[in-house]
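**Q** Got a sequence here, can you build the structure:
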Amino acid sequence: MSVTTTDPKWTRPERYSAYEQAWLTLMRDERDLIFIRVSTVMTLTLFPVVFALFAFAEPWHVGAVGLPYIGAVFLAYGGRYGLMLHAVGHRPIFKRRHLWIQNWIPWVLGPLMGHTPTSFAAHHMWMHHAENNMFGDNSCTLPYVRDSFVHFMHYFLRFFLLGQVHLVRFLTLRGRHDVARRFLLGELAWVGIVAVAAWINWAAAILVFVVPLLLMRFLLMAGNWAQHAFVDLDDPDNGFKNSSNLTNTGYNHLAYNDGYHIVHHEKPAMHWTEMSRYYEEHYQDFVDADAVVFDGVMDNLFLWVMLMLKRYDYLARHLVDFRGRSHEERVAHLQGLARKQRGRIPGIFEIERPENVAATRRATTVPVELQLAAE
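**A** Numbering: from 1, shown residues only. I've put the predicted structure just below:
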C-alpha cells in the first residue's frame, strides 16, 4: 500500500548562481543550499533593523515599533529559522574543515530569534532524541493530560523556570560533561550579549533579545507538547506510537517537512527532503502501527491550539483513519491517546536524583548518528 502527498521533495535545479556555486564548494550536500539562502536573507534584513534600533531609537520609539517588529520577525522567520536550526543540528551542512562557518546560525542569528546559542542542540539532540519522550526526558509528556491547559502550563513553567538546571543535571548525571559545558557556555554568552546590548540601549535589548526568548520558549514547548500528545501508552517508546505526522500542509514547505515527526523520530538523521517520500514508500508501516497522521492540519502550533480547545471533532475529520473507524470512534480514539497518563507529574522545582537515572534509563548510549550530528 502506498500514498502520494503534496509535501516537498527535492528536485535538482537546472543551474546555480555564482553565489550558490561558491558555497557549494564548502558544503556536504547541495540540498542544503536553502539554508544558505535563508541565512543570507535573514542577515541582510534583520541586521540593518537591529542596528537602527540600537543606534538611533529612543525607548518610546522601541515601544512604538515593538509589536510590529516581533510580528514581522516571527511571521517571516520564526518557523523557518527554528526548523533550519533543527535540520543543521542533525545534519551539519559544511564539510568538516569548514564546519566553523555553521556557527553563524546558532551564535549570530539564534539570539535574534529567541534561541540561546547552544541550548537547542543540548536539549533536543542529547536529551529529547536520546530518551525519545520517555521518563528520562525532561520534556516528557507521558505524565500529563495532554488536552489540559493547566497541565500544559505546569509543563511549560517547569521548563521555563528551571529548564537550564534540569538539563545540566540530566547531562552531568549521564556523564555528558562536554555537552553540559558547551550548553553553559552558550547560556553565559547570551547573558553577556544581552548585558552589553542593554548598556547600549536597554529598550532595544529587551525587544531584540529578551522578548523573542520568552516567546520562542513558549512556542518550543507548545510544539513539542503537540508532537507528543497522542501517545499509545501500551508502547510509548515506539516512534510510530508516541508522535504524529502532519501531511499535505503548506507548513511542510516553509518548515522543511517538520510535520513528519514520526519519520523524524524513526530516522533522526534522514534529510528533510526525503521524509515525505519515506512516508509514501513506507505507508504500510503507518497502517500497521495505526499511527496518528493528520492530513491538512496547519502546523503543530495549530494542533496545540486544537488540543487546548478540545476540538476533537475537527481533529477527527483530519485524522487519516487506518482502521475504518466512524467519526465518533475517531474522536474517542484521539481522546484516549491524549488523556491517558503514565507516571507521576514531577514538581516544577524537583531536581533529578542519581538513583532516578537507572530507573528511567532508556539506553546506555546516544545513537551514533546523533553523536556525529551533535559534534
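
**Q** average pLDDT across stretch 137-145?
**A** Mean pLDDT, computed over stretch 137-145, is 96.

**Q** Please report how far residue 53 lies from residue 14.
**A** 41 Å (CB to CB, to the nearest Å). Heads up, the C-betas are built off the backbone N, CA and C, glycines and all.

**Q** The two: which has the busier surroundings?
**A** residue 53 (21 against 5; other CB atoms under 10 Å).

**Q** mind listing what that one touches?
**A** 62, 65, 69, 201, 204, 207-208 (CB atoms under 8 Å, 6 or more residues apart in numbering).

**Q** let's see 7 Å
**A** Counting by CB atoms under 7 Å, 6 or more residues apart in numbering, residue 53 touches 62, 204, 207-208.

**Q** Dump those into a markdown table; add secondary structure as well.
**A** Putting the contacts of residue 53 into a markdown table (DSSP: H, G, I helix; E, B strand; the rest coil) gives the following:
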| residue | secondary structure |
| --- | --- |
| 62 | helix |
| 204 | helix |
| 207 | helix |
| 208 | helix |
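
**Q** Strands of the stretch 151-300 of the chain, start to end?
**A** 244-247, 292-295 (DSSP state E, counting those that start in this stretch).

**Q** any idea which of those strands is most buried?
**A** strand 244-247 (a mean of 26; mean count of other CB atoms under 10 Å).

**Q** Mind exporting the C-alpha coordinates of that strand to PDB?
**A** Only the C-alpha atoms of strand 244-247 are listed here, as PDB (Å, rounded to 0.1, in the frame of the first residue of the first chain):
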ATOM      1  CA  SER A 244       2.300  12.200  14.900                       C
ATOM      2  CA  ASN A 245       2.600  13.300  11.300                       C
ATOM      3  CA  LEU A 246       1.100  16.300   9.600                       C
ATOM      4  CA  THR A 247       0.800  15.800   5.900                       C
END
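
**Q** Contacts for that strand next, please.
**A** Taking CB under 7 Å, 6+ apart as the rule, strand 244-247 contacts 5, 7, 227, 230, 259-263, 279, 291-295, 297, 299-300.

**Q** Emit the ChimeraX select command for whichever of these are buried.
**A** Selecting only the buried entries of the contacts of strand 244-247 in ChimeraX, with 16 or more other CB atoms under 10 Å as the criterion:
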select :5,7,227,230,259,260,261,262,263,279,291,292,293,294,297,299,300
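
**Q** Of the contacts of strand 244-247, which belong to helices?
**A** 227, 261-263, 279, 300 (DSSP state H).

**Q** In these, find the pair that's most separated.
**A** 279 and 300 (16.3 Å; CB to CB).

**Q** coming back round to it: with respect to residue 37, which of the contacts of residue 53 is nearest?
**A** Out of these, the member with the shortest distance to residue 37 (by CB to CB) is residue 208, at 23.2 Å.

**Q** who are the neighbours in contact with residue 312?
**A** 331, 334-335.

**Q** which secondary structure element contains residue 20?
**A** Per DSSP states H and E: residue 20 is located in helix 18-24.

**Q** what does that helix rub up against?
**A** Residues contacting helix 18-24 (CB under 7 Å, 6+ apart): 16, 30, 33, 36.

**Q** buried subset of those residues?
**A** Looks like the contacts of helix 18-24 have 33, 36 buried, using 16+ other CB under 10 Å.

**Q** Could you dump the contacts of helix 18-24 into CSV with pLDDT, secondary structure and distance to residue 117 added?
**A** What follows is these, written out as CSV (pLDDT from 0 to 100; DSSP: H, G, I helix; E, B strand; the rest coil; distance: CB to CB, whole Å):
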residue, pLDDT, secondary structure, distance to residue 117
16, 95, coil, 30
30, 97, helix, 27
33, 97, helix, 23
36, 98, helix, 19
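
**Q** Tell me the one among the contacts of helix 18-24 nearest to residue 189.
**A** Distances from residue 189 to the contacts of helix 18-24, taken by CB to CB, are shortest for residue 36, at 24.0 Å.
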